[in-house]
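Colleague: Kindly generate the corresponding structure for this input.
(chains A and B)
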Protein chains: 2
Amino acid sequence: VRSGGRDELVEALKALHPADAAEVLATLRPEEIARFIEILGPETALPIFEFVPFEVQKETLEYLPRNVLVQLISNMRPDERADLVEEMDEVTKDRLLALLIQAERQNLLKLLTYPEDSAGAYMTTDYALLRPETRVRSALDQLRLQAPKKETIYYAYVVDDARRLVGIVSLRDLIMARPENLVGDIMHTNVIAVRVDMDIEEVAKEMVRYDFLAMPVVDGDNRLVGIITYDDIFDVMTEEATEDMYFLANLDTDEKVSSPLRRSVVLRVPWLMVNLATALVVSYTVHVFSDTIQQFVVLASLMPIVAMLGGNAGNQSLTVVVRALALGEMQLKGNWRIVLKEAGVGFCNGLAVGLVMGGIAYLWHRNLWLATIICMAMTINLVVAGLFGAMVPITLRKLNLDPALGSSIFVTTATDVGGFCAFLGLASLFIHQLLSP
Amino acid sequence: VRSGGRDELVEALKALHPADAAEVLATLRPEEIARFIEILGPETALPIFEFVPFEVQKETLEYLPRNVLVQLISNMRPDERADLVEEMDEVTKDRLLALLIQAERQNLLKLLTYPEDSAGAYMTTDYALLRPETRVRSALDQLRLQAPKKETIYYAYVVDDARRLVGIVSLRDLIMARPENLVGDIMHTNVIAVRVDMDIEEVAKEMVRYDFLAMPVVDGDNRLVGIITYDDIFDVMTEEATEDMYFLANLDTDEKVSSPLRRSVVLRVPWLMVNLATALVVSYTVHVFSDTIQQFVVLASLMPIVAMLGGNAGNQSLTVVVRALALGEMQLKGNWRIVLKEAGVGFCNGLAVGLVMGGIAYLWHRNLWLATIICMAMTINLVVAGLFGAMVPITLRKLNLDPALGSSIFVTTATDVGGFCAFLGLASLFIHQLLSP
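Modeller: Take a look at the predicted model:
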């Protein structure tokens, strides 16, 4: 590919879906990508370029001649452009802003002001506008003219003189209506919209709830400022799921499987240090019972079982609650019932594994006291697991923190401390019976 | 609401978005919902009814008079209807099938044959069809006529005489084209479609990749059999994320935060029993070193630290790899590099926490041998964590199992056994030095 066959590649790129063409392009060096954009021309290249990963986009821009660069950037979708510019260093950003015409520049600067996870940061400003007094016939003509420049024309937003959102009309409604009807007569007036400062995860929940193709975004005065489309929500949902899973595993969301070793080390070590601190608490708990262990060393080999099962059960409760909070399946009020239920599940399952383990302990060591103590300790510890597994994420949420963030360290520490205290504590109380059963 | 005000409620329901109206309805008893459907009439009630949760839908059907039931079921979206019927017992299903006209019945029976997680199970058969020889003008007329019955008319699928998919045309393309053009001349011919038996998670990945609003589904002969729309993908992505998180925490996907206690107990206990079995292996590992622990009981209080940090690091590696596999970010070939990288991260982080812990151990017990041994054991164990954290999900995937399923139990067992073997093994080797440092 790199040597000859450039013409063939150009033809092949044109024939492919832009997403596929972008994948081919992304395997090349930035200067080669820039060369192909020149050959294809900014208009043909743009749909492909928009599917190229950010980092590659950024590097490619350096190699583009000024006129191509201006055309490419001017015609990019405003939300994609803002995301790209956000990643740039100040010098490149300023150079690029200088190239844009006044209106584009202001639009871009405005988009850059919205906080990272807000509706404003994800919305596009390329939406189709209509007026209520327009007839359906000319509304269709307007949409036809707007079509090439707008992200979607399947929903059009009806605004008044002050750009306040007063209705929504779908292209389906328009082509089904009589040409002489007024937009204002056929539009849906019970408009559902989100505020520009709303958290994007909440926006995603609303869009999923209503099965919306596009969600209008308004400012504090109900003036339309943008729309968020279903494909943005695909991305948000993916990111959100990654975030929850990563937080449960004490990972930083910046990490990827492809991150260089050095970066992974730097991102993971802080969490391990936090865990080391809590592990010292666990260690001290065991230390308190050193004499008991020395008198009856079997305890040392059985105590990891109590801790391991508690950790697993705690993680079960934690994950159910974290997921329910993320999906909006539980209210923040009245959730003592959920905490109680998790404790109840812990009690039942603790008794179940405790009885089995008690039986095994008896067969292994022929000590009925030992069997009883490990059964009781496991039951107690799985209740602790249920309580903390449910309470930790609920408490984090009430503190306005992410319910998953660092929660597994808290829960594991609770089940380790709880398990060792229960098991070694009971063993200390009944040490004479244990030693001469 | 229940006593008077029925008329007000009917008016309120009509004014609300169907998703919101459904939420109000779902708070009532099934017989009351049925009554409101009768009052609203099947046509007005249907969009609302489609947003009501499955279980409530199912119960409500029992209370509907036959004629309303037939109208409601006949007009439901085919994919929603199939999902609902799938949940019914045989008697209700047969009763319902008998009420449908021949064509509807065959369509329904056909949809019910597709496996649960296949494209076929999610697709709808209400899509807009066009022929290549149709002129744009009459294509628009056809879409206008089809509009009320089709799930989307924003994409129309162009088929030949054998119903083979030959092209796709968007409503945007159509309204921008000249009325006298042929559909065949303006349609996109490099069609991207999925096979009816493709796994729905793969379909979701494709739709996200191409930002598709709708994806055509074809059979083995490239004949169009249905389409999957963006809102189905919203649901798939949510389910998929839940599944991965649940599997990592050893939970059954049938469980919800609202599941009754009894059900949660039954669903969780099998995994705890599996974990108990692996915990016995861990316990036996410690048992082997009983004499060493009895001679130097400090080991008992320090060994949980080695295990806990290993578990945490293993979970980090596991989650990064499971997520990358789910997002298609890594190939199954050549991933020994990823295993090596994770082991490398484990070595670096193991040394980091090992040195800190070694320092603490020295300050606590004034024993340089102990400090050295715990540092070495933690380093070894975090390498084990990286190796198993990466290898377990990759191996599960190669065996065509879910990479997350039960993986945390394997990894935790590996890090516990690895940690205790390394720490207590080294301690046994250097027991004389430990006792007289």
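Colleague: which bits of the stretch 301-437 of chain A sit near chain B?
Modeller: A:301-305, A:307-309, A:311-313, A:315-316, A:318-324, A:327, A:329-330, A:338, A:341, A:344-345, A:348-349, A:352-353, A:356-357, A:360, A:408-409, A:412, A:416, A:420 (CB under 8 Å from any CB of the partner chain). Yep, even glycine has a C-beta here, placed from its N, CA and C like the rest.
Colleague: Which PyMOL command selects the buried ones in the residues you listed?
Modeller: With 16 or more other CB atoms under 10 Å in any protein chain shown as the criterion, this PyMOL line picks the buried residues out of those:
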select buried, chain A and resi 301+302+303+304+305+307+308+309+311+312+313+315+316+318+319+320+321+322+323+324+330+338+341+344+345+348+349+352+353+356+357+360+408+409+412+416+420
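Colleague: Quick one: low-confidence residue ranges for the stretch 101-250 of chain A.
Modeller: Applying pLDDT under 70 to the stretch 101-250 of chain A flags no residue at all.
Colleague: again, 90 this time
Modeller: A:101-113, A:115-117, A:125-126, A:145-153, A:190, A:209 (pLDDT under 90).
Colleague: what's the answer for the stretch 301-437 of chain A, then?
Modeller: In the stretch 301-437 of chain A, residues with pLDDT under 90: A:327-336, A:406, A:436-437.
Colleague: residue ranges of the helices in it, please?
Modeller: A:336-365, A:368-398, A:407-429, A:431-435 (DSSP state H, counting those that start in this stretch).
Colleague: looking at those helices, which is closest to residue B:284?
Modeller: helix A:336-365 (9.5 Å; CB to CB).
Colleague: which residue is nearest the middle of chain A?
Modeller: With distances taken as CA atoms, centre = their mean, the residue of chain A nearest its centroid is residue A:240 (1.2 Å).
Colleague: Does it touch residue A:199 like I think?
Modeller: No - between residue A:240 and residue A:199 there is no contact under CB atoms under 8 Å: 10.5 Å.
Colleague: mind giving me JSON lines with the helices of the stretch 301-437 of chain A and columns for distance to residue B:269?
Modeller: Shown next, in JSON lines, are those (distance: least, CB to CB, whole Å):
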{"stretch": "helix A:336-365", "distance to residue B:269": "5"}
{"stretch": "helix A:368-398", "distance to residue B:269": "11"}
{"stretch": "helix A:407-429", "distance to residue B:269": "17"}
{"stretch": "helix A:431-435", "distance to residue B:269": "28"}
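Colleague: Strands of chain A, start to end?
Modeller: Using DSSP state E, the strands of chain A run over A:127-130, A:152-159, A:165-170, A:194-195, A:214-218, A:224-229.
Colleague: Columns distance to chain B on top of those, output as a markdown table?
Modeller: Formatted as a markdown table, the strands of chain A follow (distance: least, CB to the nearest CB, whole Å):
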| stretch | distance to chain B |
| --- | --- |
| strand A:127-130 | 11 |
| strand A:152-159 | 5 |
| strand A:165-170 | 9 |
| strand A:194-195 | 14 |
| strand A:214-218 | 10 |
| strand A:224-229 | 9 |
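Colleague: how about these, which one is nearest residue B:103?
Modeller: So among the strands of chain A, strand A:165-170 is nearest, using CB to CB, at 28.1 Å.
Colleague: can you give me the offset of the closest one from its chain's centre?
Modeller: Taking CA atoms, centre = their mean, to the nearest Å, one finds the center of strand A:165-170 at 30 Å from the center of the full chain.
Colleague: For that strand, list every residue counted as buried.
Modeller: Those would be A:165-170, for strand A:165-170 by 16+ other CB under 10 Å.
Colleague: do stretch A:79-92 as well
Modeller: In stretch A:79-92, counting by 16+ other CB under 10 Å, buried: A:79-85.
Colleague: For that stretch, list the C-alpha coordinates in CSV.
Modeller: The C-alpha atoms that make up stretch A:79-92 are tabulated as CSV, following Å, rounded to 0.1, in the frame of the first residue of the first chain:
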residue,chain,number,x,y,z
ASP,A,79,-19.5,18.8,18.8
GLU,A,80,-16.7,16.6,17.3
ARG,A,81,-14.7,19.7,16.6
ALA,A,82,-15.0,21.0,20.2
ASP,A,83,-13.9,17.6,21.5
LEU,A,84,-10.9,17.6,19.2
VAL,A,85,-9.9,21.2,20.1
GLU,A,86,-10.3,20.5,23.8
GLU,A,87,-7.5,18.0,23.5
MET,A,88,-5.1,20.4,21.8
ASP,A,89,-2.3,22.4,23.4
GLU,A,90,-2.8,26.2,23.7
VAL,A,91,-0.6,27.1,20.7
THR,A,92,-2.3,24.7,18.2
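Colleague: quick one: contacts of it?
Modeller: Stretch A:79-92 is contacted from outside by A:50, A:54-55, A:57-58, A:61-62, A:73, A:76, A:93, A:96-97, A:108, A:111-112, A:121-125, A:226, A:232, using CB atoms under 8 Å, 6 or more residues apart in numbering or on different chains.
Colleague: of the residues you listed, buried ones?
Modeller: Among those, those classed as buried by 16+ other CB under 10 Å are A:50, A:57-58, A:61, A:73, A:76, A:93, A:96-97, A:108, A:111-112, A:121-125, A:226, A:232.
Colleague: For residue A:61, give me the pLDDT.
Modeller: Looking at residue A:61, its pLDDT reads 86.
Colleague: That one against residue A:69, yeah?
Modeller: Yes - applying CB under 8 Å, one finds residue A:61 in contact with residue A:69, separated by 6.3 Å.
Colleague: shared neighbours, these two?
Modeller: By CB under 8 Å, 6+ apart, the residues touching both residue A:61 and residue A:69 are residue A:96.
Colleague: of all the buried residues of stretch A:79-92, which comes closest to chain B?
Modeller: The closest of the buried residues of stretch A:79-92 to chain B turns out to be residue A:80 (CB to the nearest CB; 11.3 Å).
Colleague: ok, the closest one to residue A:47 distance?
Modeller: 11 Å (CB to CB, to the nearest Å).
Colleague: Repeat that for residue A:332.
Modeller: 44 Å.
Colleague: mind listing the helices for the stretch 151-300 of chain A?
Modeller: Under DSSP H, counting those that start in this stretch, the stretch 151-300 of chain A gives helices at A:171-176, A:183-186, A:200-210, A:230-248, A:261-288, A:290-295, A:298-326.
Colleague: Need the winner for burial among these.
Modeller: Highest mean neighbour count among the helices of the stretch 151-300 of chain A (mean count of other CB atoms under 10 Å in any protein chain shown): helix A:298-326, with a mean of 27.
Colleague: How far away from the center of its chain is that helix?
Modeller: 25 Å.
Colleague: how many other residues sit next to the closest residue to residue A:361 other than its chain neighbours?
Modeller: Leaving aside its chain neighbours, residue A:361 sits nearest to residue A:371 (4.6 Å; criterion: CB to CB, 6 or more residues apart in numbering or on different chains). Using other CB atoms under 10 Å in any protein chain shown, residue A:371 is surrounded by 22 other residues.
Colleague: so residue A:371 makes contact with residue A:355?
Modeller: No - in this structure, residue A:371 is not within contact of residue A:355 by CB under 8 Å, at 9.3 Å.
Colleague: Kindly report the residues of the stretch 101-250 of chain A close to chain B.
Modeller: Residues of the stretch 101-250 of chain A lying near chain B by CB under 8 Å from any CB: A:140, A:143-144, A:147-148, A:153-154, A:171-172, A:175-176, A:190, A:192, A:207-211, A:213, A:230-231, A:233-235, A:237-238, A:240-242, A:244-246, A:248-250.
Colleague: hmm, back to that, can you lay out the helices of the stretch 151-300 of chain A as TSV showing distance to residue B:41?
Modeller: Rendered in TSV, the data for those read as follows (distance: least, CB to CB, whole Å):
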stretch	distance to residue B:41
helix A:171-176	20
helix A:183-186	21
helix A:200-210	23
helix A:230-248	31
helix A:261-288	58
helix A:290-295	75
helix A:298-326	36
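Colleague: nearest to residue B:16, of these?
Modeller: helix A:200-210 (11.1 Å).
Colleague: the inter-axis angle of that closest one versus strand A:214-218?
Modeller: Interaxial angle, helix A:200-210 versus strand A:214-218 (axes from the mean of the first three to the mean of the last three CA atoms, to 10 degrees): 130 degrees.
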